[in-house]
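1. task: produce atomic coordinates for the following.
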Amino acid sequence: MKKFLPLFVLFLLAITFSGFAQSASDKKDTTLFVIKTVNGAEYLGHVLSDDGRELFIETNTIGKLYLHKNEVVSMQKVVNKQDVQEKIEAGNYQKPKAPEDIFTTRYIFTTNALPISKGANYGMTNIHGPEIHFSITDRLNVGIMTSWIGSPLILAAKYTFKKSESKLNFALGTLLGTSGFLNQGRGYMGLHWGTVTFGDRENNISLSAGGAYFNIGNEVSRITNKEYNVYSNVTKETYYYSNNQTTYSKVSGDDIEIGSGLAAKTVFGPMLGIAGIKKIGTKASFVLDNILYIYKHEYLCKTATVLEYVSGTDPNGNSINSTTYSNTYDFNKSLKTVVILMPGIRIQSSLKTAFQFALPIIQVYGKGNRKNVNGKQAKFLAFPAPMLTIFFKF
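-> Next up is the predicted model:
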């Protein structure tokens, strides 16, 4: 019995020390930290573990969560709890914000009224060309849009009325463009609008209204019949011709020549837009961008009248088949409506890059300078214009 007594004492001591060690290891660290992340969120909580790559923390607001170390901006120890006592009693420190990434201000083509912080610059590459946008201040953004051949060139600008986002935001925007070296710089365009945005950066809807004008600068672009073109700026021209002898007789107006053109005129009209974005996954969002544009289109219309038809043979027995026409050219006006539906999907895995695919469908209603298979003026035109876009921050 005496032999077992020392062993029994050692066993009790081992159990005692083990209990003390376990109690010490289970003792919770009560040190509080204020942790700030790159997306503007602030957490008040205890650090449970830190392996160098991730922080495992316990907060007063949402419980336990992991944070990547590369997303942590600062981690400050709370020395005096009185500084944050009111926040502790309220059960929160600061509600985490949605990521204020710069790509959330863009849809497919249009922008919303959400602000971009000063210095948050970004670029875009599309199938048709690149874009570069600079945040001059917290309210003013300026950018350049062009094609891969450097023409046309478009200057873009947006001014937001709030430095920080809210559920309701307002902005004014403008686009000013030139055809550049295309058409020797004769073409130009402008688009000026106002936008109101409801929602946050992950889920929002925007309504826009403004006016757009353009002049493509192509002299023959708006001629309906490419065979006989008008050279002078007149409202009506008439001439006769005989298809048997290929002769032309001018009746009125200035010079009429085959191959000459009509200088295009500037057109203007109102433009409306509705766009939105809806988060559908951790990295994916559905984007919808719609534009309605209405303007008056002036086009050339030819009316041919048969004046004389001769059929038979001449004294030598040759066949005669001659028709004399009277062609009247009038400048007709038509109300044209352009509807652009642009659905798309955006994939964003980080705050520095994003990928977007969209399938805009462009629909044009109204008479113009295009004929259908029956030789009559077509009243409807529709075609797709796929877009692949890569966003990047620089």
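2. mark out where each domain of the protein begins and ends.
-> 4-90, 102-302+333-393 (automatic domain parsing).
3. would you mind finding the most buried of those?
-> domain 102-302+333-393 (a mean of 16; mean count of other Cβ atoms under 10 Å). (Each C-beta comes from the backbone N, C-alpha and C, glycine too.)
4. could you pull up the mean pLDDT of that domain?
-> Domain 102-302+333-393 shows a mean pLDDT of 80.
5. that domain: end-to-end distance?
-> 8 Å (Cα to Cα, to the nearest Å).
6. do stretch 176-188 as well
-> End to end - Cα to Cα - stretch 176-188 spans 8 Å.
7. how far away is the closest residue to residue 365 other than its chain neighbours from residue 210?
-> Spatially, and ignoring its direct neighbours in sequence, residue 365 is nearest to residue 337 (4.3 Å; Cβ to Cβ, 6 or more residues apart in numbering). Residue 337 sits 16 Å away from residue 210, going by Cβ to Cβ, to the nearest Å.
8. with residue 102 instead?
-> Counting by Cβ to Cβ - residue 102 and residue 210 are separated by 23 Å.
9. distance of residue 383 relative to residue 363?
-> 8 Å.
10. oh, I was asking about residue 339
-> Where residue 363 is concerned, residue 339 sits at a distance of 4 Å (Cβ to Cβ).
11. try residue 307
-> Counting by Cβ to Cβ - residue 307 and residue 363 are separated by 41 Å.
12. mind saving the C-alpha coords of stretch 158-165 as PDB?
-> Output in PDB follows, covering the C-alpha atoms of stretch 158-165 (Å, rounded to 0.1, in the frame of the first residue of the first chain):
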ATOM      1  CA  LYS A 158     -20.300  63.400 -64.900                       C
ATOM      2  CA  TYR A 159     -21.000  65.500 -61.900                       C
ATOM      3  CA  THR A 160     -22.700  64.100 -58.800                       C
ATOM      4  CA  PHE A 161     -24.400  66.200 -56.200                       C
ATOM      5  CA  LYS A 162     -23.300  64.200 -53.200                       C
ATOM      6  CA  LYS A 163     -19.800  63.300 -52.000                       C
ATOM      7  CA  SER A 164     -21.000  60.100 -50.300                       C
ATOM      8  CA  GLU A 165     -23.700  57.800 -51.500                       C
END
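13. give the contact list for the nearest residue to residue 349 once chain neighbours are set aside.
-> Distances taken as Cβ to Cβ, 6+ apart place residue 283 nearest to residue 349, at 5.3 Å, with adjacent residues excluded. Shown in contact with residue 283 (Cβ atoms under 8 Å, 6 or more residues apart in numbering): 347, 348, 349.
14. please apply the same query to residue 77.
-> Per Cβ under 8 Å, 6+ apart, neighbours of residue 77: 31, 32, 33.
15. any idea what it is bridged to?
-> residue 33 (DSSP bridges).
16. right, and residue 178 touches residue 185 too?
-> Yes - counting by Cβ atoms under 8 Å, residue 178 does reach residue 185; the two are 6.0 Å apart.
17. in which helix or strand would I find the spatially closest residue to residue 361 that is not a sequence neighbour?
-> In this structure, residue 361 finds its nearest non-sequential neighbour in residue 341, 4.8 Å apart by Cβ to Cβ, 6+ apart. Using DSSP states H and E, residue 341 maps to strand 319-347.
18. which helices and strands does the following helix or strand past that strand pack with?
-> Note on strand 319-347: by DSSP H and E, the next helix or strand toward the C-terminus is strand 353-358. Helices and strands touching strand 353-358, by 3 or more Cβ pairs under 8 Å, 6 or more residues apart in numbering; DSSP states H and E, are strand 284-313, strand 319-347, strand 387-393.
19. partners of strand 353-358 in the sheet?
-> Sheet pairing for strand 353-358, using DSSP bridges, gives strand 319-347 (antiparallel), strand 387-393 (antiparallel).
20. give me the angle between that strand and strand 284-313.
-> 40 degrees (axes from the mean of the first three to the mean of the last three Cα atoms, to 10 degrees).
21. for the residue lying closest to residue 115 once chain neighbours are set aside, what are phi and psi?
-> Closest residue in space to residue 115, ignoring its immediate chain neighbours: residue 160 at 4.4 Å, by Cβ to Cβ, 6+ apart. In terms of degrees, to the nearest 10, the main-chain angles of residue 160 are phi -100, psi 150.
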